[in-house]
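Q: Sequence unavailable; structure follows:
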């Protein structure tokens with residue numbers, strides 16, 4: 001059972017001290033250390049903190065966390081996004097999946113297909129689809145970025161520009177009402193701009209925690225993307241801005257059966 005007063009107090013102490021320790025919290029609240037670990041796991045899934053050995057620390061909002069850590073934040077939301085996004089895919093399509101936890105969740109759903117052509121700059125996505133499906137997988141060249149196993153750089157961009165994709169599935173760092181789709185670093189922003197220009201249908205995957213964030217790089221205006229897939233109904237202000245730019249919003253409330261074809265959008 002979630003003990004909301006205890007969670008609120010943990011968040012308050014974290015905001016004050018920037019770090020909390022399992023042993024100290026267990027003693028303070030007179031509960032087991034395992035109970036505190038469950039609390040910290042829950043708060044990490046909400047994006048409130050980052051678990052470290054012996055406790056937790058505040059995440060740094062101006063820096064994107066390593067992929068292994070990001071994958072622990074809102075895992076159910078990302079699975080839901082992957083399921084919804086896979087409904088846009090049909091056998092025989094050529095797809096690009098860039099690096100990210102939501103695109104990795106989509107890749108898990110694509111293992112049920114067998115005749116896709118999938119290009120990616122993610123070592124993790126390439127490995128998953130190669131080992132668990134019969135789809136044709138192509139990995140871009142580029143320099144390996146260790147914190148998320150992404151291939152980036154001029155060779156990556158040049159390679160991606162050689163093809164035309166039925167759908168380009170892209171992650172994103174943030175959605176801001178003034179600046180549109182945003183990223184933490186320039187390499188992924190540059191690749192996403194290229195992909196948006198070389199596909200029949202451009203799709204951004206973003207969980208509910210991305211709305212209202214503002215990061216470093218202005219990647220794309222809302223109108224440069226065809227569809228946004230998310231796990232919950234976005235805030236009203238974002239719905240208005242996205243619909244004004246003719247962006248299709250795909251979320252659980254408007255995707256009966258989790259199967260919406262491109263022709264339906």
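A: That came through fine. Remember, it's a predicted structure, so these values are computed and weren't measured experimentally.
Q: Output the below-cut-off pLDDT ranges for this structure.
A: Along the chain, segments meeting pLDDT under 70 span 1, 60-74, 255-265.
Q: which residue is nearest the middle of it?
A: Compute the mean C-alpha point of the chain, and by C-alpha atoms, centre = their mean the closest residue is residue 102, 3.6 Å away.
Q: Leaving out sequence neighbours, find the closest residue to it.
A: residue 205 (3.8 Å; C-beta to C-beta, 6 or more residues apart in numbering). For every residue, glycine as well, the C-beta is placed using N, CA and C.
Q: And that neighbour, how far from residue 33?
A: According to C-beta to C-beta, to the nearest Å, residue 205 stands 36 Å off from residue 33.
Q: Compare those two and say which is more crowded by neighbours.
A: residue 205 (29 against 13; other C-beta atoms under 10 Å).
Q: What ranges does the stretch 1-150 of the chain have for its helices?
A: 4-17, 22-29, 33-45, 67-70, 75-86, 101-110, 123-132 (DSSP state H, counting those that start in this stretch).
Q: These into a markdown table, with extra columns for distance to residue 173?
A: Shown next, in a markdown table, are the helices of the stretch 1-150 of the chain (distance: least, C-beta to C-beta, whole Å):
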| stretch | distance to residue 173 |
| --- | --- |
| helix 4-17 | 23 |
| helix 22-29 | 30 |
| helix 33-45 | 18 |
| helix 67-70 | 10 |
| helix 75-86 | 14 |
| helix 101-110 | 11 |
| helix 123-132 | 18 |
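Q: ranking those by burial, who's on top?
A: Across the helices of the stretch 1-150 of the chain, averaging neighbours per residue (mean count of other C-beta atoms under 10 Å) puts helix 101-110 on top, at a mean of 24.
Q: Distance from the chain centre to it, please.
A: A distance of 9 Å separates the C-alpha centroid of helix 101-110 from that of its chain, computed with C-alpha atoms, centre = their mean, to the nearest Å.
Q: How about residues contacting that helix?
A: Contacts with helix 101-110, where a contact means C-beta atoms under 8 Å, 6 or more residues apart in numbering, come from 67, 70-71, 73, 78-79, 81-83, 85-86, 89, 95, 97, 116, 118, 120, 122, 124-125, 128-129, 133, 135, 169-171, 205-207.
Q: Quick check: can you list the domain ranges of the protein?
A: In terms of domains, the chain is parsed into 4-59, 75-264 (source: automatic domain parsing).
Q: Of the ones you listed, which stretch is the most buried?
A: Ranked by mean neighbour count, those are led by domain 75-264 with a mean of 19 (mean count of other C-beta under 10 Å).
Q: how near is the residue of the chain most remote from its centre to residue 8?
A: For the chain, the largest distance from the centre (C-alpha atoms, centre = their mean) belongs to residue 30, which lies 36.7 Å off. Look at residue 30 and residue 8: by C-beta to C-beta, they are 17 Å apart.
Q: one step back: right, so of the helices of the stretch 1-150 of the chain, which gets closest to residue 184?
A: Of all the helices of the stretch 1-150 of the chain, helix 67-70 sits nearest to residue 184, with 10.9 Å by C-beta to C-beta.
Q: Show the contacting residues for residue 218.
A: Contacts of residue 218 (C-beta under 8 Å, 6+ apart): 179-180, 182, 189.
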